[in-house]
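>>> coords please:
(one chain, ligands or ions: 1)
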Amino acid sequence: MTSLRLPTFRAAVALAAFAGCFGTAFASKDHPVIGLSLDTLKEERWQHDRDIFVEAAKKLGADVVYLSANSDDTVQVRDVESLISKGVDVLVIAPHNGDAMGRAVKDANDAKIPVIAYDRLIKNANIDYYLSFDNVKVGEAQAQYVADHLPAGHKARVVRIYGAQTDNNAVLFKQGQDNVLGPLIKAGKIEVIHEDWATDWRPDAAKKIMNAAITKAGSNIDIVLASNDGTAGGAIQALIEEKLDGKVLVTGQDAELAACQRILRGTQAMTVYKPLKTLASHAAEIAVAIAQGHPPVITDTIDNGQKKVPAIFEKVVSVDKDNMMSTVVAAGFHTADELK
Ligand code: BGC
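Here you go, the predicted structure:
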């Protein structure tokens, strides 16, 4: 009996190992297959998430089939449907638009495949877990940096670049920023001279917003409150063209390599480091545990409009040139050499 079953088991494992490339995934409890649906892989951040997730899952004996939707809701719904039809045990979804993924989650529910929303919440849907960072705190950290570095002697002239309006996180970042900026605006210490949302978090959209701000205000700009490193990069490009780079305080988020280099060179002031290793490894652990029939009990919850979803919120760290080595580098996120 054993000698008959062994080759079959081996064949299944080999096929599952190739599931990321093609064909149908063959899952077993010892060797589950996890479907990972990403909004995009264009930004460095999500490449890190994917790599860490795949590696962590592998260590736990699971395979990962991943697909990226290139910021397109129709494509992402189709991606999830394709992962369902491959027979994955668990779905991990980082949605482009948390409102638009309800349909895909419904399909997963019908197929009895548990769903973990990764980093971005999926609203009004029956998801099983949500893992993210404290996103309001991210916005607060960005705005607090601004508050701590206001220009002396005059009202600070601030440009605000928000993320994608379709991303629940972008709304939470803005909320956190508002918490800190609100009283300063009221007290007359800050004037927001231009603000807009960057479509799909695109750096070129951020550059356009910055160009519009420069057209309005000329060089009379003190601070650009950019919501992530990608949009900071776009804004800095516009500043470079006007020879204003290094003269304007620019915020960011994600501790992307290019952003950390800019911080050390002085064209960006800060970023928010989000330990992706912790987030992605926790997500992999939970996905494998669910697949193996041991869904973890998590007491923290978030209301997604349909239910109280068990949730984990990882901590974030504000980073500038002074603590770059003791945070991003010490954590091994980038090496000191890479930052040169
Ligand atoms: C993430 C950020 C990221 C942004 C753009 C947000 O949902 O939380 O880390 O920079 O999307 O991809």
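
>>> need the contact list for Pro32.
61-63, 89-90, 287-288, 291-292 (CB atoms under 8 Å, 6 or more residues apart in numbering). Glycine gets a C-beta too; all of them are placed from N, C-alpha and C.

>>> if you count neighbours, what's buried in the top helix by length along the chain?
Ranked by number of residues, the top helix in the chain under DSSP state H is helix 168-186. By neighbour count with 16 or more other CB atoms under 10 Å, helix 168-186 contains the buried residues 168-174, 176-177, 180-181, 184.

>>> what does it rub up against?
With CB under 8 Å, 6+ apart as the criterion, helix 168-186 contacts 98, 119-121, 123, 132, 135-144, 146-147, 150, 158, 160, 162-165, 190-192, 197, 201, 225, 227, 253.

>>> again with stretch 114-129
36, 39, 49, 90-95, 98-99, 101-102, 105-106, 108-109, 130-133, 167-169, 279, 283, 286-287, 290, 295, 298, 302, 304-307, 309-312.

>>> Lys308: neighbour count?
Other residues lying near Lys308 total 10 when counted by other CB atoms under 10 Å.

>>> is it true that it touches Ile298?
No: counting by CB atoms under 8 Å, Lys308 does not reach Ile298; the two are 10.9 Å apart.

>>> so what sits against both of those two?
Counting by CB under 8 Å, 6+ apart, nothing touches both Lys308 and Ile298.

>>> can you give me the helices in this protein?
2-17, 44-59, 73-85, 102-110, 135-148, 168-186, 203-217, 229-241, 257-265, 276-291.

>>> so which of these is the most packed in?
helix 229-241 (a mean of 24; mean count of other CB atoms under 10 Å).

>>> for stretch 314-324, C-alpha coordinates in CSV please.
The C-alpha coordinates for stretch 314-324 follow below in CSV (Å, rounded to 0.1, in the frame of the first residue of the first chain):
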residue,chain,number,x,y,z
GLU,A,314,1.6,45.6,12.9
LYS,A,315,3.6,48.6,14.2
VAL,A,316,5.3,51.2,12.0
VAL,A,317,8.4,53.3,12.5
SER,A,318,9.1,56.9,11.4
VAL,A,319,12.5,57.0,9.7
ASP,A,320,14.8,59.9,8.7
LYS,A,321,18.5,60.2,8.1
ASP,A,322,19.2,60.1,11.9
ASN,A,323,17.7,56.7,12.6
MET,A,324,18.1,55.0,9.2
